[in-house]
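need a structure here:
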Amino acid sequence: MSIFPFASLSPWSGPLHERLWAWTGHIAAALLVLLVGLWLARWLGRLSARTLERVHHDLTVARFLESLIKISLYIVVVIAALGQLGVQTTSLLAMLGAAGLAIGLALQKSLADFAAGVLLLILRPYKVGDSIEVVGVSGTVERIHLFQSVINSFDNRQLFVPNSKILSDVLINTSVLGQRRIDLLITLAPQADLLRAKQLLAELCDADERILSEPAPAIGVQDLTELGVQVYLRPWVRAADYGGTRSDLLEAIKMRFDAEGIELALRLIPV
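Take a look at the predicted model:
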């Protein structure tokens, strides 16, 4: 049934001017349903996402739900618009069901990605904003779509990773626990003062405000090798400070050891 009275005229019978008038009504009704429906679908998607984010403070589920609602409503709107053009929607739905089965068999990979996306939302191994490492890539999670997750790499590239690959691979979430341990292994020359070196490492950790006092940094001898004494340094930092602190700490160790005359063992690489 059309939303316009004059669109109820049959476009297939009657004088030419009546058929043209009928087609005008059908097309106008279809366009109106399509435009209003698409706008409403986007609005409802954003509204549901904002509501869920405001109530549960969960950006991950909110964005996933927004995509799911919009795509579902888009399908309904297109079917309703076709109905205004006189297309038998009952037959269309039956055809869509049969086509959906055939497409589903052809697109098993996409369906696996969709199912994986749902499982990722249930299992919650990561959320939007987390830093993760998976399938050989690392970065910050920007969005979880129906079929893929968007990850912004640390060198400013946007990566689109299928959800099924993420679910089947070993995933490292470096944000969920809030703290990370820096593991450094420093090899001292045989003649270096071991006790002084350990004291300097402790001082460097105390001087860096990013290094946490609890858990306290661990400093000790890892091994005795032909090159010299291997000393481990294991301070704890906030997850967001990991990269910068590790780099700065290595630089500070090299400069302080040079200033104190503590030699590091170097392996000569044959040319």
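
Would you map the helices across this protein?
Secondary structure of the chain (DSSP state H): helices located at 16-56, 59-84, 89-106, 108-123, 163-168, 194-207, 242-260.

residues of the fourth one that come out buried?
By that I understand helix 108-123. Within helix 108-123, the residues that count as buried by 16 or more other CB atoms under 10 Å are 110, 112-114, 116-117, 120-121. Quick note: C-beta positions are derived from backbone N, CA and C, even for glycine.

middle-most residue in the chain, spatially?
Most central residue of the chain, judged by C-alpha distance to the mean C-alpha position with CA atoms, centre = their mean, is residue 141 at 2.9 Å.

So for that residue, what's the pLDDT?
Here the pLDDT value assigned to residue 141 is 92.

could you measure it against residue 238, distance?
18 Å (CB to CB, to the nearest Å).

Also residue 67?
Note on residue 67: its distance to residue 238, by CB to CB, is 32 Å.

Comparing these two, which residue is more hemmed in?
residue 67 (17 against 14; other CB atoms under 10 Å).

so residue 151 makes contact with residue 131?
No. Checked against CB atoms under 8 Å, the pair residue 151 and residue 131 is beyond contact range at 9.4 Å.

so what sits against both of those two?
Contact criterion CB atoms under 8 Å, 6 or more residues apart in numbering; residues shared by residue 151 and residue 131: 138-141.

circling back to that earlier point, touching, the residue nearest to the centre of the chain and residue 125? I think so.
No. Contact criterion CB under 8 Å: residue 141 and residue 125 do not qualify, at 10.3 Å.

and residue 219, how many neighbours does it have?
Neighbours of residue 219 (other CB under 10 Å): 19.

Use 3 as the first number from now on
New numbering, starting at 3: the last item is residue 221.

Give the bridge partners for it, please.
Beta-bridge pairing of residue 221 under DSSP bridges involves residue 235.

contacting residues for it?
By CB under 8 Å, 6+ apart, the neighbours of residue 221 are 200, 203-204, 233-236.

Which of those sits closest to residue 83?
Relative to residue 83, the closest of those is residue 236; by CB to CB it sits at 63.2 Å.

What residues does that closest one make contact with?
By CB under 8 Å, 6+ apart, the neighbours of residue 236 are 183-186, 219-221.

Now for this protein, the helix or strand with the poorest mean pLDDT.
helix 91-108 (a mean of 60; mean pLDDT, DSSP states H and E).

Low-confidence ranges, the stretch 3-152 of the chain, go.
3-25, 27-28, 51, 54-66, 86-110 (pLDDT under 70).

can we see that at 50?
Along the stretch 3-152 of the chain, the model assigns pLDDT under 50 to residues 3-9, 107.
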